[in-house]
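In: sequence first, then the predicted structure:
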2 protein chains.
Amino acid sequence: MPPQTRMTKQRRVILEELRRVTTHPTADEVYDMVRQRLPRISLGTIYRNLDVLAESGEILKLESAGNQKRFDGNIMPHAHIRCTRCGRLGDVMNVPARIPAGGAEAEGFFITGARVEFEGVCNACEVTN
Amino acid sequence: MPPQTRMTKQRRVILEELRRVTTHPTADEVYDMVRQRLPRISLGTIYRNLDVLAESGEILKLESAGNQKRFDGNIMPHAHIRCTRCGRLGDVMNVPARIPAGGAEAEGFFITGARVEFEGVCNACEVTN
DNA sequence: GTGGCTGCAAAGGGTTTGCATATAA
DNA sequence: TTATATGCAAACCCTTTGCAGCCAC
């Protein structure tokens, strides 16, 4: 049987902080947020809990472009918009159905484009299971 | 004025190898490919040239999900599909307009989903220019 | 009580960079 | 000739991991 998980103080606070914001923080940003309530928590614990919480479906580990992974306490499927300068990730609630060539203002961003990425399992991986 | 660039042997071979394949290699995969022709090239040179070539628009640095960046010698805009197991990135030429709930076989992948990511510049970055 | 969890620190993987030398233009 | 590019190696950033002690259940 799969190992049990324990709702430690650290895990609970990480989850609370992630649900409190809509900013899709990186692991070190979560670290800063949580440290204000649990000053002795370690970055390793942050990473371990983010993985556990993503694994159990309580948060989303965002498979988005960019150097650092970002996390989302809102598990409802929704699209994101990424700032190509600073990497900030915003939620997309209302976006014009058509983005004109010059760009469009929406969601606190000047939107310049969109990208579709399909995902699946390639034949090579399907064979080797 | 911007600094001039020189078409060195290394840069030319990197570009040729990238145009020869449709596999969207990572930097270290490019390294392996190029080393067969230029055994003394260094990984640092690979990274520097991939950046220069992407900057000048001769190749694409793919802003895709995943840990490692991937590069594309085909600069025509086109969508990609990523293997969630091994990270392999394929070109999307023909995909069913509708992916059924169970998934669909296409492009050498078993496609399970798709993700849209908008991109632009956030208000904070627009202000600080 | 005990197995999962923590803090700490070291290691890991991918990428960038400083420097002396080589070379395209 | 000379500024750009190279090879090498060290540094860098983000993330993962080994370990001894701790604590949720």
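Out: Perfect, I can see it now. Residues are numbered from 1 along each chain as shown, chains lettered A, B, ... in the order given.

In: quick one: the strands in chain A?
Out: A:60-62, A:70-72, A:79-83, A:89-92, A:104-106, A:109-122 (DSSP state E).

In: does the first one come close to DNA strand D?
Out: No - looking at strand A:60-62 against DNA strand D by Cβ under 7 Å from any atom of the strand, there are no contacts, and the closest approach is 9.2 Å. To be clear about C-beta, it is placed using only N, CA and C from the backbone, and glycine gets the same treatment.

In: before we move on, back to that, mean pLDDT and mean neighbour count added to the strands of chain A, as CSV?
Out: Below are these laid out as CSV (pLDDT from 0 to 100; neighbours: other Cβ atoms under 10 Å in any protein chain shown):
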stretch, mean pLDDT, mean neighbour count
strand A:60-62, 95, 18
strand A:70-72, 97, 22
strand A:79-83, 92, 21
strand A:89-92, 91, 19
strand A:104-106, 88, 16
strand A:109-122, 91, 18
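
In: out of the ones you listed, which comes closest to B:Thr112?
Out: strand A:109-122 (4.8 Å; Cβ to Cβ).

In: partners of that closest one in the sheet?
Out: Counting by DSSP bridges, the strands paired with strand A:109-122 are strand A:104-106 (antiparallel), strand B:79-83 (parallel), strand B:109-122 (antiparallel).

In: quick one on the thing from earlier: among the strands of chain A, which comes closest to DNA strand C?
Out: Ranking these by proximity to DNA strand C (Cβ to the nearest atom of the strand) places strand A:70-72 first, at 15.5 Å.

In: I would like the residues contacting that closest one, please.
Out: A:18, A:24-27, A:30, A:50, A:54, A:59-62, A:64, A:89 (Cβ atoms under 8 Å, 6 or more residues apart in numbering or on different chains).

In: 10 Å instead, please
Out: For strand A:70-72, contacts defined as Cβ atoms under 10 Å, 6 or more residues apart in numbering or on different chains pick out A:14, A:18-19, A:21-27, A:29-30, A:46, A:50, A:53-54, A:59-64, A:78, A:80, A:82, A:87-89, A:91.

In: helices along chain A, start to end?
Out: Assigned by DSSP state H, chain A shows helices spanning A:9-20, A:27-35, A:43-55, A:123-127.

In: tell me the domain ranges of chain A?
Out: A:9-72, A:79-127 (automatic domain parsing).

In: not counting sequence-adjacent ones, nearest residue to A:Ala54?
Out: A:Lys61 (4.0 Å; Cβ to Cβ, 6 or more residues apart in numbering or on different chains).

In: A:Val52 too?
Out: Among residues not flanking A:Val52 along the chain, A:Thr5 sits closest, at 6.2 Å (Cβ to Cβ, 6+ apart).

In: just list whatever residues bridge to the residue nearest in space to the middle of chain A.
Out: By Cα atoms, centre = their mean, the mean C-alpha position of chain A lies nearest to A:Phe71, the distance being 2.5 Å. Beta-bridge partners for A:Phe71, by DSSP bridges, are A:Lys61.

In: follow-up on the earlier one: any idea how far the residue nearest to A:Ala54 is from B:Lys9?
Out: 42 Å (Cβ to Cβ, to the nearest Å).

In: try A:Thr22
Out: 50 Å.

In: A:Gln36 now?
Out: Distance from A:Gln36 to B:Lys9, by Cβ to Cβ: 54 Å.

In: repeat that for A:Gly120.
Out: 39 Å.

In: picking up where we left off before, what's the closest of the domains of chain A to B:Gly102?
Out: domain A:79-127 (11.7 Å).

In: good, we can wrap up now.
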